[in-house]
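*Asks:* here's my sequence, what's the structure:
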Amino acid sequence: MFGAAIVAMAPGLTVLAQTADNALQLDEIVVTAQRRAENLQETPLAVSAITGEGLESAGVKSVVDLSATVPSLQITNTGGGASQIFMRGIGSTNVTEVGDSAVAYHIDGIYIARATATGALFYDIDRVEVLRGPQGTLYGRNATAGAINVITKKPTQQLEGSAAVEFGNYDALTTSGVLNVPLHDTFAVRAGFQTTRHDGYQKSITQGPVAGNDKDSQDDKSARIQALWTPAENLSINLRADWLARGGNNGGDVAYPMETGDPRTILSRVNTYRDNTYWSAGTEVNYDLDFAQLTYLVGFNSAKDDRVGENPSTHAPNYFYGIDETWSHELRLGGETDSLKWVIGAYYFKEDNDVDFRIFLADNRYLSFIQPDVFASTKAVFSQATWSATDELRFTGGLRYTKDRKGRNGGTYFTNNAGAITSTVTLNVSDNTWDRVNWRAGVDYDLAESSMLYANVATGYKAGGYFDGVEPNDYKPETITSYELGVKNRLMDNRLQLNASAFYYDYRDFQISAIGTIAGQDATVTLNADKAEIYGLELETDYLLTEADRIDASVSWLHARYKKFLLPRGDAFSNNAANANIVRCYSANYAAAAPRPADFSGCHMARTPEWSINLGYQHEFAMADGASLTARAQTHYESSKYLEYHGFLENKQDDFTRTDLTLTYKPAEGAWTVMAFVRNLENDDVRTTSGPNATAGLASNGTGDFYAPPRTYGVRLGIDF
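*Replies:* The predicted structure follows:
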């Protein structure tokens, strides 16, 4: 995006600053997107940074809420709390134990592998960095679309704290608190918590003994503790531990066509629940060697996923239980001279996953999938350097060698449809490795003191793998080459930020989640599409009109098409004759006998609106007693888009607009604030996910459609001490 490093569109993201001569200007934000601290506007990458204050003001409580504040980013939740992240049209809808995101998600530098574990609550956050475009050199694993870095606030040598409570409709209640305590000149502790709950956005209108509960509710609890020890001036050790419990009624998907005609009312037959628990621990050690800084990061993540859902079409219950554990290690050495900034490093990652999934049948039997043990590992070495040829001209180059291993060990056990006792074992012994060298080459040039032109060519890669079922059940790695030209500007005495970029992606063998048949049941499989072509333009601006007024805006135009995508044997949809009369993008000869080849070439890629626009205005009213009243309105517009790759008309979301309003009062003296808010003022029913087996013409166990939350409103009270 031209100017992809603009500060994102929410209050508090770009802070007003007063210089010594009392000039009004945009503040500077320091990021670590290139594994070193540098000014956001001087980083020659497509990166947005959102401060912790901005997250609070915008009501961002989890990664899903970032979609309304960051351009070219779409994040949705599924019923189990798993996040589907798309960036500039690239992402993955496969949130199972065998699916990998195309966006590398990190918390304090530690990679989070599973989509269900990315839903940690956002509180006591220093900033969030969103890097668009492949990050194959410095981030490597599964970063073909980009990376998201969540950086928490670290302990300080100041005794301080904060507390907040928020009330809203749907009986919503959010509480949070933070306390920072320096215990010694060299040791400090910081602890915080947040709870978030609300009633179901979907009301069950079913009556009788088989009635189910409301769906799409939330009941989350989270806590974090950190300790920072600096035993010497050149040594610091930071330890962090996080805990998250995700509750509420599982579900939220709606059958297509809708049974009630209203996505907010359902005919529930199952009392669903979600009881997921996540633990995370990390340690960061920094040692100053004078000529360079040595950094060691070690992280452990454990995710327990325990939930009961309801098939939106058949109303049959299903049960899912999974455990995922990961370890990661990263060792970096970085330094700089007058003309050279450099970093070298090594990385290791290991993951183990176990899953039990059951679909209950009508006669109290169930189809049970006890998956084989799934394992994965990654080893990598990397380096990147920036050389200043002159004071205005710089060249950047980077390399990363990655070796990935994935496999499955054991059997897939399932009770077949013939009887309750008879079971079948499908052996799933798979083990394979892939390796690749990714690289980045870039140049940036200072056109003026506050204007920079940059160009990058970068590659990315996501390893192949295996899906459920008998062989052949493997798929190839996906690769991407990105070409980007951008410009970043601070104008009008640093009151106007105007950034823009143009990009082109050559995307090959990209992985797509489809529906296949395993043991007579629909199941998720992964296929490789041959080639896609993606290019776009992005423009962002942030303008301080006066001390009291600010306007921010962004415009994104995106072209994303499957250039060559042929399924020789089709899939569950192209092989279903009932789909012959459905409006669709792909071509298939439904007069022929199955299997029917399907050609998706030229179709729109999923989750790729052609136009995306953000527009915000903020005004601060100065009151006679010195207090302030700040009003903000922000609108997000998206043109129509297909939610899955078939291009079915039924899976298309029309264009929509979403508006958020806030009004914040702050007294002249005192550290408390009160904010009233309305989110999704239009209260439109906007689909965020549409499962392909929710499409008419296919008899299946259905995944249904998911919708964004309805209009919510409330009041938030906060205090700092």
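*Asks:* isn't Leu491 up against Leu498?
*Replies:* Yes - counting by Cβ atoms under 8 Å, Leu491 touches Leu498, with 6.2 Å between them. Yep, even glycine has a C-beta here, placed from its N, CA and C like the rest.
*Asks:* looking at those two, which is more packed in?
*Replies:* Neighbours were tallied for Leu491 and for Leu498 using other Cβ atoms under 10 Å; the higher tally belongs to Leu498 (19 against 14).
*Asks:* check contacts around the more buried one.
*Replies:* If you count contacts by Cβ atoms under 8 Å, 6 or more residues apart in numbering, Leu498 has them with Gly3, Asn489, Leu491, Leu539, Glu540, Thr541.
*Asks:* what separates the fourth one from Thr326, distance-wise?
*Replies:* What that stands for is Leu539. Distance, Leu539 to Thr326, by Cβ to Cβ, to the nearest Å: 38 Å.
*Asks:* more neighbours, the two?
*Replies:* Shown here are Leu539 and Thr326; by other Cβ under 10 Å, Thr326 has more neighbours (22 against 19).
*Asks:* SS state for the more buried one?
*Replies:* The three-state assignment at Thr326 reads strand, by DSSP: H, G, I helix; E, B strand; the rest coil.
*Asks:* surely it touches Gly282?
*Replies:* No - Thr326 is not in contact with Gly282 according to Cβ under 8 Å; the separation is 11.5 Å.
*Asks:* find the residues that touch each one of these two.
*Replies:* Joint contacts of Thr326 and Gly282 (Cβ under 8 Å, 6+ apart) are Gly299, Phe300.
*Asks:* now the contacts of Leu498 as a markdown table including secondary structure and pLDDT?
*Replies:* Compiled in a markdown table, the contacts of Leu498 are given as follows (DSSP: H, G, I helix; E, B strand; the rest coil; pLDDT from 0 to 100):
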| residue | secondary structure | pLDDT |
| --- | --- | --- |
| Gly3 | coil | 37 |
| Asn489 | strand | 94 |
| Leu491 | strand | 94 |
| Leu539 | strand | 91 |
| Glu540 | strand | 87 |
| Thr541 | strand | 90 |
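*Asks:* closest one to Gln293 out of those residues, please.
*Replies:* Gln293 has its nearest neighbour among the contacts of Leu498 in Gly3, at 29.8 Å by Cβ to Cβ.
*Asks:* pull the contacting residues for the residue nearest the centre of the chain.
*Replies:* Residue closest to the mean C-alpha point of the chain, counted by Cα atoms, centre = their mean, is Ile85 at 4.0 Å. Listed by Cβ under 8 Å, 6+ apart, the contact set of Ile85 reads 63, 73-75, 91-92, 101-103, 105, 115, 118, 145, 148.
*Asks:* which parts of the stretch 1-150 of the chain are strands?
*Replies:* With strands called from DSSP state E, counting those that start in this stretch, the stretch 1-150 of the chain shows them at 16-18, 24-26, 30-31, 38-39, 46-51, 73-77, 83-87, 90-91, 103-107, 110-112, 125-132, 146-152.
*Asks:* those strands: which one's closest to Asp474?
*Replies:* Once those are compared by Cβ to Cβ, strand 90-91 is nearest, at 21.4 Å.
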